[in-house]
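Asks: whatever this is, show me its structure:
(one chain, ligands or ions: 1)
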Amino acid sequence: MKITGVELRRIMMPLVSPFRTSFGTETARDVLLVRVVTPEAEGWGECVAMAEPRYSSEYADGAAEALRRFLVPALPRNAAELDVHAAGRAMEPFKGHRMAKAALETAVLDARLRASGESFGSFLGAARDRVPCGVSVGIMDSVPELLDAVAGYVEEGYVRIKLKIEPGWDVAPVRAVRERFGDDLMLQVDANAAYRLSDAHHLARLDAFGLLLIEQPLADDDLVQHARLAKLLRTPICLDESIESAAHAAAAISLGACSIVNVKPGRVGGYLEARRIHDLCRAHGVAVWCGGMLETGLGRAANVALAALPGFTLPGDTSGSGRYYATDITPPFVLDGGHLPVPAGPGLGVEPVPEILDEVTVSTEWIAL
Ligand SMILES: O=C(O)CCC(=O)N[C@@H](C(=O)O)c1ccccc1
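Replies: Residues are numbered from 1 along each chain as shown. Here you go, the predicted structure:
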């Protein structure tokens, strides 16, 4: 049986509040969704590329073009041959575009799993049926505003707080949060590559606050400098942007560039590579946690399933839908006792609510195969 075709759908999701990081401020999420239609079932994938190439080199329009011109046309036409491994092999000749590849691979996997009745968590090897949830807090205009935001998230039950930092917004906000919420609050920071090795002495001031980790302090392509920085800080270094594959993770571990890895399936090309990184890190005693890219409920469902694997020993950025969206395109993920349940249904276990999806849809494009 032939696969019927692939839909590329762009949706615009307003954020409940601006989300400021060291590389810019998001007020709405321009999301590219991929839907693979086969005679047996259809599957969804969410491309995590932002509207502009500020987090990494990928961006939504570029991902759509890579899918339209190269990745979708490369898929096997025969549905019987189309499994997630065949999809991965078909995309190998094309370099980069990992977020685009991840979205298509996930949609193929979701279609296959919905047809077979197996859940995403079962397929990946989930060891738990709920996961503890952290929350990412953006850079704010003032420390009082930050403390109010953190108080709200602590009240909601988040078990870990991540603060975005950048030069000029680091020691003071971290000290204020630690002083206000005490030493037991699980607290970490994310610099999104905003510092240089010459800032080491300043970053070492964060060692006073018992942080779980400092995420991506230096440039994404600089493992050697991260290894040198790791020797100057007591706070463990976690890498995000630097790790785009299991090979990168192996190199980072062997160089001592990080002792914790933020696993983002979109950044590394899909959930199979994400699991490979999980397996590699676990073999080396390196903790991993599931990062986030402000996903809708579709990507969130897949991330929560991944976060249930045994090596995910730190709370991830797997927040409830309400952290970012007043109305999610799927039934919302709602925190329960600081945890989210791992969807148990076939495939992702969630699907878009048609009328909500229609409301936020900007464009849709059908690629017949
Ligand atoms: O909770 C989430 O989904 C977002 C977590 C988060 O802080 N993501 C950061 C990051 O660098 O990890 C990010 C923000 C905006 C855009 C890309 C990435």
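Asks: in three-state terms, label residue 28 for me.
Replies: Classification of residue 28 using DSSP: H, G, I helix; E, B strand; the rest coil returns strand.
Asks: how about the closest residue in space to it that isn't next to it in sequence, phi and psi?
Replies: Once flanking residues are discounted, residue 28 sits nearest to residue 14: 4.7 Å by Cβ to Cβ, 6 or more residues apart in numbering. To be clear about C-beta, it is placed using only N, CA and C from the backbone, and glycine gets the same treatment. When read as degrees, to the nearest 10, the backbone of residue 14 gives phi -60, psi 140.
Asks: mind listing the strands in the stretch 101-250 of the chain by residue range?
Replies: Under the criterion DSSP state E, counting those that start in this stretch, the stretch 101-250 of the chain contains strands at 130-132, 134-137, 160-164, 186-190, 214-215, 237-239.
Asks: which helices and strands does the helix or strand bottoming out on mean pLDDT in the chain pack with?
Replies: Within the chain, no helix or strand scores below helix 84-91, which has a mean of 92 by mean pLDDT, DSSP states H and E. Contacts defined by 3 or more Cβ pairs under 8 Å, 6 or more residues apart in numbering; DSSP states H and E place helix 84-91 against helix 98-116, helix 271-283.
Asks: partner residues bridging the closest residue to the ligand within the stretch 101-250 of the chain?
Replies: Here the stretch 101-250 of the chain gets closest to the ligand at one residue, residue 136, 3.3 Å apart by Cβ to the nearest ligand atom. When bridges are called by DSSP bridges, residue 136 pairs up with residue 162.
Asks: I figured it was touching residue 316, is that so?
Replies: No - at 9.9 Å, residue 136 and residue 316 do not qualify as touching, with contact defined as Cβ atoms under 8 Å.
Asks: which neighbours do those two share?
Replies: Residues touching both residue 136 and residue 316 (Cβ atoms under 8 Å, 6 or more residues apart in numbering): residue 292.
Asks: now, of the helices and strands packed on helix 84-91, which is deepest in the fold?
Replies: helix 98-116 (a mean of 26; mean count of other Cβ atoms under 10 Å).
Asks: do that one and the ligand meet at all?
Replies: No - Helix 98-116 stays clear of the ligand (Cβ under 6 Å from any ligand atom), getting no nearer than 10.7 Å.
Asks: what's the answer for stretch 244-252, then?
Replies: No - on the criterion Cβ under 6 Å from any ligand atom, stretch 244-252 is out of touch with the ligand, staying 13.8 Å away.
Asks: what residues sit buried inside that stretch?
Replies: 244, 246, 248-250, 252 (16 or more other Cβ atoms under 10 Å).
Asks: now do the SS call for the residue of the chain found nearest the ligand.
Replies: Nearest residue of the chain to the ligand: residue 292, at 2.3 Å (Cβ to the nearest ligand atom). What three-state DSSP gives for residue 292 is coil.
Asks: in terms of contact, does it touch residue 318 like I think?
Replies: Yes - counting by Cβ under 8 Å, residue 292 does reach residue 318; the two are 6.5 Å apart.
Asks: ok, those two, which is more surrounded?
Replies: Neighbours per residue, other Cβ atoms under 10 Å: of residue 292 and residue 318, the larger number sits with residue 318, 28 against 23.
Asks: contacting residues for that one?
Replies: So residue 318 contacts 131, 133-134, 290, 292, 300, 303-304, 307, 340 (Cβ under 8 Å, 6+ apart).
Asks: can you pick out the most distant pair from these?
Replies: Between any two of the contacts of residue 318, the greatest separation by Cβ to Cβ is 13.4 Å, found for 134 and 300.
Asks: ok so, going back, need the winner for burial among the strands of the stretch 101-250 of the chain.
Replies: Greatest burial across the strands of the stretch 101-250 of the chain, using mean count of other Cβ under 10 Å, falls to strand 214-215, with a mean of 26.
Asks: which stretches of the chain have low pLDDT?
Replies: 1-2 (pLDDT under 70).
Asks: can I see the domain layout of it?
Replies: The chain resolves into domains spanning 5-117+351-368, 122-341 when parsed by the TED database.
Asks: and the shortest one, end to end?
Replies: Just to be clear, that refers to domain 5-117+351-368. For domain 5-117+351-368, the first-to-last residue distance is 4 Å (Cα to Cα, to the nearest Å).
Asks: ok, now stretch 179-199?
Replies: Terminal-residue distance, stretch 179-199 (Cα to Cα): 24 Å.
Asks: just confirm yes or no for that stretch near the ligand.
Replies: Yes - applying Cβ under 6 Å from any ligand atom, one finds stretch 179-199 in contact with the ligand at 190, 192.
Asks: pull out the buried positions in that stretch.
Replies: Applying 16+ other Cβ under 10 Å to stretch 179-199 flags 185-195, 197, 199 as buried.
Asks: stretch 298-313 now?
Replies: 298-309, 311-312.
Asks: still on that earlier bit, which residues touch the residue nearest to residue 28?
Replies: Contacts of residue 14 (Cβ under 8 Å, 6+ apart): 27-28, 325-326.
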